[in-house]
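A.B. asks: Would you be able to build a 3D model of this:
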Amino acid sequence: TVFSLSLYIYSTTSQTTIMASEEANLHPDVINLDEEEEGVRADLEKEVRTRDAQISTMEKTRLEKQQELESLQKELEEERLRQMKESILHRIEVERIKRQTKSV
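C.D. replies: Numbering: from 1, shown residues only. Got it, this is the predicted structure:
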């Protein structure tokens, strides 16, 4: 038999009550969390939220660093190509000068 489960959370100053009821029968099962358990749960939730925020920050930083790396790699490749071009032009010029001095 398939049934759905509904959760209801009621909060008071001294305890939190979680009620679970089957939709068909509506038999409430009540779980009481005392203040200490509620505090532990709240601390764990806070820790999870903090870690999620840290992960989000780290992911953002990772993406920024990845973009920076790609930019630097592009710049490096452009510089390497510029130096190769200068080297080739220099060799061409040296050969031209050699031919001129040889013909004179």
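A.B. asks: Where do the strands of this structure begin and end?
C.D. replies: 5-11, 16-22, 29-33 (DSSP state E).
A.B. asks: Run through this structure and note the low-pLDDT ranges.
C.D. replies: Applying pLDDT under 70 to the chain picks out residues 1-33, 104.
A.B. asks: can you do 80?
C.D. replies: By pLDDT under 80, the weakly predicted segments of the chain are 1-38, 103-104.
A.B. asks: Which stretches in it count as helices?
C.D. replies: Ranges of helices within the chain are 35-103, based on DSSP state H.
A.B. asks: how close does Gln100 sit to Arg82?
C.D. replies: 27 Å (C-beta to C-beta, to the nearest Å). Where C-beta positions appear, they are placed from N, C-alpha and C, glycine not excepted.
A.B. asks: now do Ser103
C.D. replies: 32 Å.
A.B. asks: The two: who's more crowded?
C.D. replies: Arg82 (10 against 6; other C-beta atoms under 10 Å).
A.B. asks: residues contacting the more buried one?
C.D. replies: Arg82 makes no contacts at all, as judged by C-beta atoms under 8 Å, 6 or more residues apart in numbering.
A.B. asks: Good, wrapping up.
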